[in-house]
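S.K.: Only the shape, not the letters, is given here:
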Ligand code: SF4
């Protein structure tokens with residue numbers, strides 16, 4: 001039994017319950033978000049007739065098929081097929097006691113970053129609130145863990161989350177809801193290519209999320225070469241929005257910077273980055289480029305990344321070099337491109 005409306009679209013406190021038994025709403029929320037039940041049959045303490053009624057109206061999993069690719073470093077890439085046949089991806093990263101899920105907010109991405117395989121796919125469509133949230137539930141089920149064991153979420157998969165604002169925020173609200181996944185907003189990172197108006201709108205939500213901005217270049221010319229949609233917003237405008245974010249109580253911002261040999265890794269660019277970020281509380285993530293298919297880019301060498309990093313740390317910036325997980329399965333940053341080759345397991349949902 002599968003209804004048409006997705007139950008995950010509803011906030012946990014707006015879930016249905018029979019008129020005479022309002023407590024059933026909390027039971028249903030617990031089945032979904034504490035136990036990760038994705039079938040009506042599993043919800044054994046709910047009356048059978050009510051489950052049949054719910055099943056006729058609502059569907060549980062927003063996906064019809066799941067393929068699983070395990071990387072040598074233990075990260076797992078999930079290729080998820082939606083009922084309309086479109087596909088999206090999530091990457092599960094269990095390491096050092098932390099279980100993190102990188103989720104997508106779209107099918108493909110309209111930003112078109114030249115160094116990113118997802119950008120080369122173009123824009124498919126926005127994911128609904130249920131389709132964003134559902135990634136946590138289906139991955140938890142496939143990994144054999146409870147959904148609440150995933151304590152860190154990064155909205156860094158396919159898509160520009162701030163262009164799918166209402167659905168991304170709706171999913172986040174269920175993630176942090178005490179009857180939802182009960183996550184700390186401080187453990188949710190939302191990544192954006194830098195949309196000043198949407199950053200200010202997010203600041204007004206007063207949620208202590210982590211904001212990650214994909215800057216990738218400190219100068220307009222280079223940035224426009226590698227992020228075609230950067231034409232819409234000057235770097236100065238993005239930086240001004242980050243000052244507003246922090247003035248409104250927003251937390252430290254993560255600056256994402258993919259290291260591309262001969263493109264954005266010169267030392268003058270490191271110095272320009274230092275000047276640009278002056279006065280902001282930031283952490284800079286330097287990401288060695290992850291190669292894919294026909295990409296013309298190469299990663300900066302380790303030595304050049306170290307030199308670039310020294311300029312930043314010398315100026316007092318907090319910096320890390322992030323070697324991505326899942327490179328061998330196409331699950332690393334910038335590699336998500338819906339490849340279905342080499343799946344270890346697949347299943348209908
Ligand atoms: S890097 Fe992010 S914003 Fe740019 S195309 Fe890829 S998914 Fe979209």
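M.R.: That came through, no problem. Source: prediction; values computed, not measured. Numbering: from 1, shown residues only.
S.K.: what's the burial count for the closest residue to the ligand within the stretch 151-300 of the chain?
M.R.: Here the residue of the stretch 151-300 of the chain nearest the ligand is residue 193; by Cβ to the nearest ligand atom that distance is 4.5 Å. Every residue, glycine included, has its C-beta placed from N, CA and C. Using other Cβ atoms under 10 Å, residue 193 has 26 neighbouring residues.
S.K.: Please name the bridge partners of residue 260.
M.R.: When assigned by DSSP bridges, residue 260 has beta-bridge partners residue 299.
S.K.: what's the spacing between it and residue 121?
M.R.: 20 Å (Cβ to Cβ, to the nearest Å).
S.K.: So for those two, which residue has more residues nearby?
M.R.: residue 260 (24 against 18).
S.K.: these two touch, right, that one and residue 297?
M.R.: Yes. Using Cβ atoms under 8 Å, residue 260 is in contact with residue 297, at 5.0 Å.
S.K.: who's in contact with residue 146?
M.R.: 34, 35, 36, 140 (Cβ atoms under 8 Å, 6 or more residues apart in numbering).
S.K.: Now, of these, which are buried?
M.R.: 36, 140 (16 or more other Cβ atoms under 10 Å).
S.K.: closest to the ligand among the contacts of residue 146?
M.R.: residue 140 (23.4 Å).
S.K.: That closest one - that's part of a helix, no?
M.R.: Yes. Secondary structure of residue 140 (DSSP: H, G, I helix; E, B strand; the rest coil): part of a helix.
S.K.: Could I get the pLDDT score of it?
M.R.: Note for residue 140: predicted pLDDT of 97.
S.K.: That one reaches residue 151, doesn't it?
M.R.: No. The pair residue 140 and residue 151 does not pass the contact test of Cβ under 8 Å, sitting 11.5 Å apart.
S.K.: in the stretch 201-349 of the chain, which spans are helices?
M.R.: 220-226, 235-247, 267-277, 302-314 (DSSP state H, counting those that start in this stretch).
S.K.: could these be laid out in CSV, adding mean pLDDT and distance to the ligand?
M.R.: CSV is the format used below for these (pLDDT from 0 to 100; distance: least, Cβ to the nearest ligand atom, whole Å):
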stretch, mean pLDDT, distance to the ligand
helix 220-226, 94, 9
helix 235-247, 96, 13
helix 267-277, 98, 18
helix 302-314, 97, 19
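S.K.: want to throw those into CSV with distance to residue 332 and mean neighbour count?
M.R.: Converted to CSV, the helices of the stretch 201-349 of the chain look like this (distance: least, Cβ to Cβ, whole Å; neighbours: other Cβ atoms under 10 Å):
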stretch, distance to residue 332, mean neighbour count
helix 220-226, 18, 16
helix 235-247, 25, 17
helix 267-277, 23, 17
helix 302-314, 16, 15
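S.K.: I'd like those helices as JSON lines, with distance to residue 160 appended.
M.R.: Converted to JSON lines, the helices of the stretch 201-349 of the chain look like this (distance: least, Cβ to Cβ, whole Å):
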{"stretch": "helix 220-226", "distance to residue 160": "15"}
{"stretch": "helix 235-247", "distance to residue 160": "13"}
{"stretch": "helix 267-277", "distance to residue 160": "21"}
{"stretch": "helix 302-314", "distance to residue 160": "26"}
